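>>> Need coordinates for the below:
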Amino acid sequence: MKTLVAIAALSLASIASAQAPTPAPAPSATTGTASLTVRFEQVVAPSGQILMSLFDSEAAHDAGGKPVRVGMVKVEGTSAIVTFTDLAPGRYAIKTFHDVDGDGKMKTNPFGMPLEPFAFSNGATAQGGPALWKAASFDVPAGASETRISFQ
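Numbers count the residues shown, from 1 in each chain. You can find the predicted model right below:
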């Protein structure tokens, strides 16, 4: 169990290298691109930043592989919003944490348990480690779409 928790913490901590999404042209249904707006809710501390990783495959998501995009948004209230543009329509999943103190790292206790709020897309929950792709993934169609993530 301690190993799974440590893996979860490392997986979420790897998000800390995230940077703001790269701006891209506005999506268009005719070009077959998608945009995804992520609304973060239940933000308990109006400080720091939210760091996230967007994955487009089960292999990358569950095995700690490279995300297709990373993002960061400064927290200035009880919610935050970030939009990823120029995505290929398909299935995606998000791992995220609220870096309350803004140090770019997820705080953990001596056993590797996260001390800062974290969340996964699709309302998925941690089960001895990060939520699995099967629970966290969702479809992003061509055009504009939105998902909401609440912190645990």
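>>> can you pull the buried residues of the lengthiest strand in the chain?
Under DSSP state E, the strand in the chain containing the largest number of residues is strand 90-99. By 16 or more other C-beta atoms under 10 Å, the buried positions in strand 90-99 come out as 92-99. The C-beta positions use only the backbone N, C-alpha and C, and glycine is treated the same way.
>>> ok, Val140 touching Arg91?
Yes - with contacts counted by C-beta atoms under 8 Å, Val140 reaches Arg91, the gap being 7.4 Å.
>>> Show me where the chain has its helices.
For the chain, applying DSSP state H gives helices covering 2-13, 58-62, 133-136.
>>> remind me which residues of the chain are low pLDDT?
1-31, 152 (pLDDT under 70).
>>> mind redoing it with 90?
By pLDDT under 90, the weakly predicted segments of the chain are 1-32, 42, 44, 64, 76-79, 112-113, 127-129, 151-152.
>>> so how far is Gly123 from Phe138?
10 Å (C-beta to C-beta, to the nearest Å).
>>> So which elements touch the longest strand of the chain?
Strand 90-99 sits against helix 2-13, strand 34-41, strand 49-55, strand 118-120, helix 133-136, strand 138-140, strand 143-150, with contacts defined as 3 or more C-beta pairs under 8 Å, 6 or more residues apart in numbering; DSSP states H and E.
>>> who's in contact with Ala131?
Counting by C-beta atoms under 8 Å, 6 or more residues apart in numbering, Ala131 touches 95, 120, 124-125.
>>> rerun that using 6 Å as the cut-off
The contact partners of Ala131, by C-beta atoms under 6 Å, 6 or more residues apart in numbering, come to 120, 124.
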